[in-house]
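Undergrad: model the structure of this input:
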Amino acid sequence: MKNICYKSLLYSLGTTVWIILVAFFMQKANNWFGTQDSIISVVAVLLLFSTSALVVGGLLIGNSIFLYIDGKKKEAVQMLLANAGWMLCYFVIAIIALTATK
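TA: Numbering: from 1, shown residues only. The predicted structure is shown next:
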């Protein structure tokens, strides 16, 4: 269980870093590219959304799927729950940081 908690900590931390990078990009995109809407901007947003789904899905449920396929069903569920727990902790930290800056 200790190994699962450590791995899930790393995977959820990686997910959080990815989310921070995407949020930074989205916040600065208008300054970098302007506010002109075009088909290319819509395509870029959809590509970013799809890439984010792939990255986050891979980090948060990828290892659980591999564990499940290997027959380690209990460990797969533990990993999935641990990932959810860590993400909830990061969410609470973000809410606390948001309210502390107001």
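Undergrad: C-alpha from now on. contacts and neighbour counts both.
TA: OK.
Undergrad: let me know the outermost residue of this structure.
TA: Centroid-distance maximum for the chain: Gln36 at 28.5 Å, with Cα atoms, centre = their mean.
Undergrad: helix or strand for that one, which one?
TA: In the assignment (DSSP states H and E), Gln36 maps to no helix and no strand.
Undergrad: so who does the nearest residue to Val77 once chain neighbours are set aside touch?
TA: Counting by Cα to Cα, 6 or more residues apart in numbering, Val77 lies nearest to Ser64, which is 6.9 Å off, once chain neighbours are set aside. Contacts for Ser64 were tallied using Cα atoms under 8 Å, 6 or more residues apart in numbering; they are 75-77, 79-80.
Undergrad: how many neighbours does Leu59 have?
TA: 19 (other Cα atoms under 10 Å).
Undergrad: centre of the chain to the host helix or strand of it, how far?
TA: Under the criterion of DSSP H and E, Leu59 resides in helix 39-69. Centre-to-centre, helix 39-69 and its host chain are 9 Å apart (Cα atoms, centre = their mean, to the nearest Å).
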